[in-house]
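K.L.:
the sequence and its predicted three-dimensional model are supplied below.
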Amino acid sequence: MPDRAGGAIFRGKLLPYALVVPQLVIVAIFFLWPTVRAIYEAFQETNAFGTGARFSGFTNFASAFSVAGEVGTIEVTVILAVITTVLAMATGLFLAVEADQVGRARRVYRTLFIWTYAVPSAIAGTLWLFLFEPGLGAGAKVLVDLGLKWNFAVHSLQAFALLVAVIVWQQAAYNFLFYTAGLQMVPRAVLEAASLDGASKLAQFWQVVFPLLSPTTFYLLVMNVLYAFFSSFAIIDVITQGGPGNATTTVVYQVYRDGFQNGNTGLAGAETVFLLIIAAALTAVQFRFLNRKVFYR
Amino acid sequence: MSFRMRSTRKALAALLATGVGLLPATGASATSSLGTSHAGPRVTITFWSAMSGTLGATLGHLVNQFNSSQSTYKVDLLYKGSYSTVLSATIAAVRAHHAPDIAQIFDAGTATMMYAPGVYVPVHQLMSQYHLKFATSQFIGGAASYYETAQGDLDSLPFNSSTPVLYYNRSLLAKAGIKAPPKTWTQLASDVNPLASSGAKCVLSASGAYIMWTDMEQFDLWNGYPYATQNNGYDSIKNVKLLLTAKPMVQHWAFLGSLGKRGLYRWNGTTNSTVPFFTNGSCAFYENSSADINEIEAGAKFPVGISQLPYVAGNPTAPQNTVVGGASLWVLSGAPKNTYLGDAEFLHFMMSVPTQDYWASHTGYVPVTNAAANALHKKGFYKTHPSDLVAVLELTHKPPKPWTRGIRVGYLPEIRVAEASAIAAILSGKTSASSALASAQAQGNKVLAEFASQYGG
């Protein structure tokens, strides 16, 4: 983009402001107001109907994440993020590299591997629920035939594994897309040089290609973590509703349960403030590192 | 690099999208319906229900009857979703000042509603304001006691009422050489081995969504044990504590857990119906609401027996009485003045003998007023439908003790979720009954402490 140092496009001062007003209004109504409201609610205690509200200090923050005898939702969220990110990125990278090497059928493979990302989360959740519904699903029957006591409504590990599978199924496609794009940008000359130096295929990948993909990897890392934190909601709501116990309750799901199902806006507000901090931190990290070049040249 | 730009923007978009997910409950419910949107001469009364399918159609028939019986009011029946959805939608609507005129709130939501002053118009007040005949004593014991206030008044109109019963598969029992259904849990336990060795795939199952209702709440009531302190919450909002770790409860769940370990107990979480496990001939015994009689009898390809719930053997206080489950109708505040007479007339129509007669004989629910119950008896309904009588006999087995009137604890839906977690842990064999119940009790008591602090000042 050419620099336009001080060059004024607009003559008056009013027009530019008028042009950004719609955007500012949207941000204010949908982002700023709810945020302010969440912070306000976090320090209030009210009944489900919102009557009899009173200031409650940090009580909501204290009780937000202290659930007796249960695995905490923060642990669930972090473990879910780590596992799905690693698996989905590894799968995406592996498929992208493999699809890059096949000759003519490359396009077919690419289309097929990207497909799952086109499925909206709620529909993906319904599909998988259909397959693995204990007692009814075709996938569930296979698992039972393999000797597994399949009932994810009761067994927490099974519910968690199912959730991981759906998220990886979706996110691997997204990662595949970006890794495929990244691979296009790896200069052939560098690879040729490496192979002339006698580097094996594997060495070429790990020492040349993978480092060149590092900006993509970093970007995807952030996106996958964000997905597990926030966008996994639809899948959880369709398949497990956070259960059994708290086994698949992420912090976002907890906010929904406390705020919308149980009508405890104070508690949900406190949890939201916590989430805001995490989201801000993740985004800040990304901005910082992207500007600082995770680069090769 | 082109995707660097894009990625930055995407991350920002993701952050902002997150912001949407983070909306607190402030006016977020998109479901608003105005009671006065009708411009014509008839006043519209919105009625949010949790009844779909056949039940919804039966309720719709009654609403239509009311609508065509007069021309001043038009009741607008809207199926809003499951019981808990109706409760949370009603709460959200009240917060957004767009409450429906009448809401069907399930048993577990009673304390949450009752102790929220200003949210609703007490039905007994409404009726006396418009001089319609209404007294707690008109209602059958189990329904009156469940919904009445400490002063003996009804703040809501008891409506669809049922109670859990024990269904059994006569063919499987005959094959195992069992002559009569078990009266006690010990007898049921001794039926396990004959059933298993004669080829039954499953011995017992219970309601999917309401297993905490059948095997915790009603288990205590039927056996005459308290479910929570302060007479199950009837005496106080504050200092109410669950009694889930009482010995009989732990023993009961240890038994169910042992069946689960052997694969002889079926339950697939609260969002899955367990009815097919019984009707497809897998499970020999099945605890579920008497309201499901028609569905079960229509679905089963074997002779179905229905008997009273088993009780704890050797317990001198058992059997005591069960209470109703189901829902009552609440009239919400804040509507235009000209709707309330309509609300009152509609509720009066709903409790009338012909309405209750139609409702009870077309569904598995019990008639909720004494007059309707007597009318059904006189008609010979229970002679031709003896299985419908089991629920009535359980509800009226003995006059209720102070701690068997019902369950009046706040935020009960949330407590039931904690109980369902414990049930999953027990049935998966992951946790012992005593530690799972202790965990549910701790979580439930935390919820009750919040309720006390939020509602009790």
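P.N.:
That came through fine.

K.L.:
pLDDT at residue 79, what is it?
P.N.:
Assuming you mean chain A. Predicted confidence (pLDDT) at residue A:79: the value is 94.

K.L.:
meant chain B, my bad for not saying
P.N.:
Reported pLDDT for residue B:79: 96.

K.L.:
what ranges do the helices span in the stretch 201-350 of chain B?
P.N.:
Listed in chain order, the helices found in the stretch 201-350 of chain B under DSSP state H, counting those that start in this stretch are B:211-212, B:218-223, B:229-232, B:247-261, B:275-279, B:293-299, B:340-350.

K.L.:
show me what the longest helix anywhere in chain B is packed against.
P.N.:
In terms of residue count, the longest helix belonging to chain B (DSSP state H) is helix B:433-455. Using 3 or more CB pairs under 8 Å, 6 or more residues apart in numbering or on different chains; DSSP states H and E as the contact criterion, the elements in contact with helix B:433-455 are helix B:247-261, helix B:412-427. All C-beta atoms are positioned from the backbone trio N, CA, C, and that covers glycine.

K.L.:
from the chain's centroid, how far away is that helix?
P.N.:
Taking CA atoms, centre = their mean, to the nearest Å, one finds the center of helix B:433-455 at 20 Å from the center of the full chain.

K.L.:
now do it against helix B:412-427, angle only.
P.N.:
Interaxial angle, helix B:433-455 versus helix B:412-427 (axes from the mean of the first three to the mean of the last three CA atoms, to 10 degrees): 170 degrees.

K.L.:
most tightly surrounded among the helices and strands packed on helix B:433-455?
P.N.:
Ranked by mean neighbour count under mean count of other CB atoms under 10 Å in any protein chain shown, those are led by helix B:412-427, which reaches a mean of 26.

K.L.:
could you give me the average pLDDT of that helix?
P.N.:
Looking at helix B:412-427 alone, the average pLDDT works out to 93.

K.L.:
what about that helix, near chain A?
P.N.:
Yes. Judged by CB under 8 Å from any CB of the partner chain, helix B:412-427 and chain A are in contact via B:413-414, B:420-421, B:424-425, B:427.

K.L.:
distance from the chain centre to that helix, please.
P.N.:
Using CA atoms, centre = their mean, the mean C-alpha position of helix B:412-427 is found 15 Å from that of the whole chain.

K.L.:
now it against helix B:247-261, angle please.
P.N.:
Using the same axes, to 10 degrees: helix B:412-427 against helix B:247-261 is 50 degrees.

K.L.:
how about the strands of the chain, start to end?
P.N.:
Just going to use chain A. All strands of chain A, identified by DSSP state E, fall at A:44-45, A:54-55.

K.L.:
meant chain B actually
P.N.:
Chain-ordered strands for chain B, with DSSP E as the definition, fall at B:43-49, B:73-79, B:102-106, B:120-121, B:157-162, B:164-169, B:202-206, B:265-266, B:283-289, B:304-307, B:325-332.

K.L.:
how about the backbone phi and psi for the closest residue to residue B:149 other than its chain neighbours?
P.N.:
Taking CB to CB, 6 or more residues apart in numbering or on different chains as the measure, residue B:149 lies nearest to residue B:155, with 5.9 Å between them; neighbours along the chain are not counted. When quoted as degrees, to the nearest 10, the phi and psi of residue B:155 stand at phi -80, psi -20.
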